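S.K.: from the sequence below, what's the structure:
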Amino acid sequence: MNNIIDYPSLKTFLMVERMLKNAEIVMTKEELKAKTSKKITYKTLNIILDYFKKQGKIMEGHRGILWIYNSSPKLKKAIERGKEI
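M.R.: Predicted structure coming up:
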C-alpha cells in the first residue's frame, strides 16, 4: 500500500497565496481553482488551504475562503501594546 501524496510546489503555494491576498471578496474553492493559471487538483488545493489555516493566514466558512493575515509591523506593535478587556 503505497499512499504517495503529490505535495504542491512552492510556486503553486505562492500562486494560491497571491490570489487569496489580492481577492477583494470571499472566494470559494471552485472559484479559486477556476482562476489558477495552471490545472490544480482539489487534493493539492486542500493541502495548501490546510497549511494556510494552520498558520492562521486564512479563514474558511460556508461562504468561502478569506485571507486574514496581516504582516504589518504597525499592527503587530499595536496588538502587543493593547490591553485585553
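S.K.: what residues does stretch 32-45 touch?
M.R.: Defining contact as CB atoms under 8 Å, 6 or more residues apart in numbering, one finds that stretch 32-45 is touched by 5-6, 8, 12, 15-16, 19-20, 27, 29, 65. The way it works is simple: take the backbone N, C-alpha and C, and place the C-beta from them, glycine included.
S.K.: tell me the pLDDT at Ile65?
M.R.: Per-residue confidence (pLDDT) for Ile65: 96.
S.K.: can you pull up the bridge partners for it?
M.R.: Met27, Glu60 (DSSP bridges).
S.K.: and it, what does it touch?
M.R.: By CB under 8 Å, 6+ apart, Ile65 lies in contact with 20, 26-29, 32, 49, 58-59.
S.K.: which one of these is nearest Ile85?
M.R.: Met59 (22.9 Å; CB to CB).
S.K.: how close does the closest one sit to Tyr69?
M.R.: 10 Å (CB to CB, to the nearest Å).
S.K.: and Arg81, how close does it get to Lys53?
M.R.: Distance from Arg81 to Lys53, by CB to CB: 28 Å.
S.K.: which two of the contacts of stretch 32-45 have the greatest separation?
M.R.: The widest separation within the contacts of stretch 32-45 (CB to CB) is 24.2 Å, between Ile5 and Met27.
S.K.: quick one on the thing from earlier: which one's more surrounded, Arg81 and Lys53?
M.R.: More crowded of Arg81 and Lys53, by other CB atoms under 10 Å: Lys53, with 13 against 7.
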